[in-house]
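Student: Coordinates only, no sequence provided:
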């Protein structure tokens with residue numbers, strides 16, 4: 001059997017030494033996690049400034065279920081989840097956001113029926129690109145319709161522009 005010729009350079013596997021860690025378009029997972037954590041803290045600060053109250057992680061008992069919410073202040077009637085990922089969203093992140101919409105709609109309905117209190121619930125996304133991706137700006141989105149139907153706000157808090 002004749003020996004196969006070497007594959008062209010375009011098909012060769014790169015050796016680990018050919019590309020140093022942490023370079024290129026995609027940062028390493030540790031860097032991404034640190035960036036997401038910092039961005040989440042910045043989004044939380046903007047959310048607290050917008051509503052003029054402190055938001056803290058917490059949980060609420062609704063009948064037999066315990067609902068854990070990322071950030072809430074029930075005295076002010078606010079409950080939010082924050083997803084700091086910036087850019088396009090993969091299907092796993094979209095599923096997590098959709099689960100949070102369902103959870104927040106349950107919380108909202110619980111307070112509306114048992115406490116006769118209307119609370120504001122929402123999911124804050126990392127940037128305009130992730131917001132457009134989740135809401136389906138390129139076409140119809142069942143996720144956008146579900147959030148609208150259950151009155152769960154899906155929003156982005158843009159950075160404030162500095163006055164010159």
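Tutor: It's in. Here the structure is a predicted model, which is why all the values come from computation and not from measurement.
Student: can you give me the strands for the chain?
Tutor: 56-62, 65-73, 78-83, 120-125, 153-156 (DSSP state E).
Student: in its sheet, what does the second one sit against?
Tutor: The one in question is strand 65-73. Neighbouring strands of strand 65-73 in its sheet, by DSSP bridges, are strand 56-62 (antiparallel), strand 78-83 (antiparallel).
Student: got the angle for the shortest one vs strand 120-125?
Tutor: So the one you mean is strand 78-83. Between strand 78-83 and strand 120-125, the angle comes out at 10 degrees (axes from the mean of the first three to the mean of the last three CA atoms, to 10 degrees).
Student: How about the first one?
Tutor: Interaxial angle, strand 56-62 versus strand 120-125 (the same axes, to 10 degrees): 130 degrees.
Student: Tell me the pLDDT of residue 88.
Tutor: Turning to residue 88, the model gives it a pLDDT of 89.
Student: and if you look at the one 10 residues further on?
Tutor: On the pLDDT scale, residue 98 is placed at 94.
Student: Low-confidence regions, the chain specifically.
Tutor: Along the chain, the parts satisfying pLDDT under 70 run over 1-30, 139-140, 160-164.
Student: Which parts of this structure are helices?
Tutor: Assigned by DSSP state H, the chain shows helices spanning 29-51, 91-114, 128-135, 142-149.
Student: For residue 118, which non-adjacent residue is closest in space?
Tutor: Counting by CB to CB, 6 or more residues apart in numbering, residue 112 is the residue found nearest to residue 118 once chain neighbours are left out, at 6.0 Å. (Each C-beta comes from the backbone N, C-alpha and C, glycine too.)
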